[in-house]
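Engineer: Sequence and predicted structure, then a few things I'm wondering about:
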Amino acid sequence: MKAYIDNIEYFVPENRLSNEDLSKINPEWDVEKIVEKTGISNRFIVDKNQTATDLAISAANKLLGKSPELKSLIDYVILCTQSSDYHLPTSACIIQERLGLRQSIGAIDVNQGCSGFVYSLGLAKGLIETKQATNVLVITADTYSKYINVQDKSVRSLFGDAAACTLIKGLDSDKELISRPIYGTNGKGAEHLIVPDGGSRNPISEISSIEKRDDSNNIRSSANLYMNGREIFTFTLTAVPRVFKQILERENATLDDIDIVVLHQANKFIIDSIQKKLKIPEEKMHRSYGEFGNTVSSTIPIGLKQELMKSGKNTGSRVALLLGFGVGLSWAGNIVNF
């Protein structure tokens, strides 16, 4: 029994935040400069009362609605999010009830970010190939906008909210359709992409909402998202090329064997830098950051869905190299047929 990707759907909220909108909020944010540096033109932002679980439900319903009997076949839900509704219970349990899935299923949250889709694929692969499950929903959903200070241009222009739902099934086959991921972790860099306050280590207090201005004129509090862009870039340009080559070597493959490379869609500058270092042809490089921004754990499944829609080919007919990297610091990559 081999796990494979059967279907993918994604969902974004209605509120569109364009570069023109950002410029109106703060005239210092030049529209052309945002596009030049990030490649991002739009991002989608949740309403005040809308959560990552709401987005997850919408993405899952799009997928489940394709087949009336599918809902009764799901036996495991993996929700990858860093924007859970509560400290407890797990949002995956809430999703089980709201989707009307059977009670005799597994449901877990995975607190992982930019590399989280590949991590979750690895978990789904293990569940199916050890016969613990047969139909697994891998849902990614994040609402980083809730952590971002509106005056912090270092992150406000980058991140968007979204969810994606991927159905992983089992197939009687000797061929690996989802290869074993290569994982990596460097917790020493955790401080470079973090929301400092709000957890058990630093609970929300009176000083959590005090805003400070940094050397680049960005304003944030310790309850907001902080990203050290320089350190994240250095990490990315060190870890990603190394793991990319490891994946190809382990699978005894070359770039000629890969139809499309779907990296975590951080921004144009990072994608361009990786592409140049690895000499990846432009026709094999997926790009969707311009339309959605950095949607954290959902960038890769959104990318796969878009590639499926462009190709018009049947599921399983194309080969993709996936590689997620970022918060943690963490990274994960593998090769899939999709």
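Structural biologist: Cool, the structure landed. Numbers count the residues shown, from 1 in each chain.

Engineer: all helices in this structure, in order from the N-terminus.
Structural biologist: 19-25, 31-38, 52-64, 91-99, 116-129, 153-156, 229-250, 268-278, 289-292, 299-311 (DSSP state H).

Engineer: and those helices as CSV, adding mean neighbour count, mean pLDDT and distance to Asp259?
Structural biologist: (Each C-beta comes from the backbone N, C-alpha and C, glycine too.) Shown next, in CSV, are the helices of the chain (neighbours: other Cβ atoms under 10 Å; pLDDT from 0 to 100; distance: least, Cβ to Cβ, whole Å):
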stretch, mean neighbour count, mean pLDDT, distance to Asp259
helix 19-25, 16, 91, 32
helix 31-38, 15, 90, 26
helix 52-64, 23, 98, 23
helix 91-99, 19, 98, 32
helix 116-129, 23, 98, 17
helix 153-156, 21, 92, 32
helix 229-250, 16, 97, 14
helix 268-278, 17, 97, 16
helix 289-292, 21, 97, 20
helix 299-311, 22, 93, 8
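
Engineer: closest to Asp109 out of those?
Structural biologist: For Asp109, the closest of those is helix 91-99, at 5.1 Å, according to Cβ to Cβ.

Engineer: Could you check how far the residue nearest the centre of the chain is from Leu123?
Structural biologist: Centroid-nearest residue in the chain, with Cα atoms, centre = their mean: Ser297, separated by 1.5 Å. To Leu123, Ser297 is 13 Å away according to Cβ to Cβ, to the nearest Å.

Engineer: swap in Val110?
Structural biologist: 7 Å.

Engineer: Please enumerate the shared neighbours of the two.
Structural biologist: The contact sets of Val110 and Leu123 overlap at Ile78 (Cβ atoms under 8 Å, 6 or more residues apart in numbering).

Engineer: which residues does Asn42 bridge with?
Structural biologist: On the basis of DSSP bridges, Asn42 is bridged to Ser18.

Engineer: Can you name the residues that contact it?
Structural biologist: Asn42 touches 16-19, 160, 290-293, counting by Cβ under 8 Å, 6+ apart.

Engineer: As a markdown table, those residues with distance to Pro196 would be great.
Structural biologist: As requested, these are arranged in a markdown table below (distance: Cβ to Cβ, whole Å):
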| residue | distance to Pro196 |
| --- | --- |
| Arg16 | 29 |
| Leu17 | 24 |
| Ser18 | 30 |
| Asn19 | 28 |
| Gly160 | 22 |
| Gly290 | 30 |
| Glu291 | 31 |
| Phe292 | 27 |
| Gly293 | 23 |
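
Engineer: quick check, nearest of those residues to Asn61?
Structural biologist: Minimum distance to Asn61 across the contacts of Asn42 is 19.6 Å, recorded for Phe292 (Cβ to Cβ).

Engineer: Pull the contacting residues for that closest one.
Structural biologist: Phe292 touches 12, 42-44, 160, 162, 265, 299, 302, counting by Cβ under 8 Å, 6+ apart.

Engineer: run the last query once more with 10 Å
Structural biologist: Contact partners of Phe292, counting by Cβ atoms under 10 Å, 6 or more residues apart in numbering, are 10, 12, 40-44, 159-162, 265, 298-299, 302-303, 306.

Engineer: Not counting sequence-adjacent ones, nearest residue to Tyr144?
Structural biologist: The shortest distance from Tyr144 to any non-neighbouring residue, by Cβ to Cβ, 6 or more residues apart in numbering, is to Phe159 (4.3 Å).

Engineer: what's the burial count for the one you found?
Structural biologist: Neighbour count for Phe159, taken as other Cβ atoms under 10 Å: 26.
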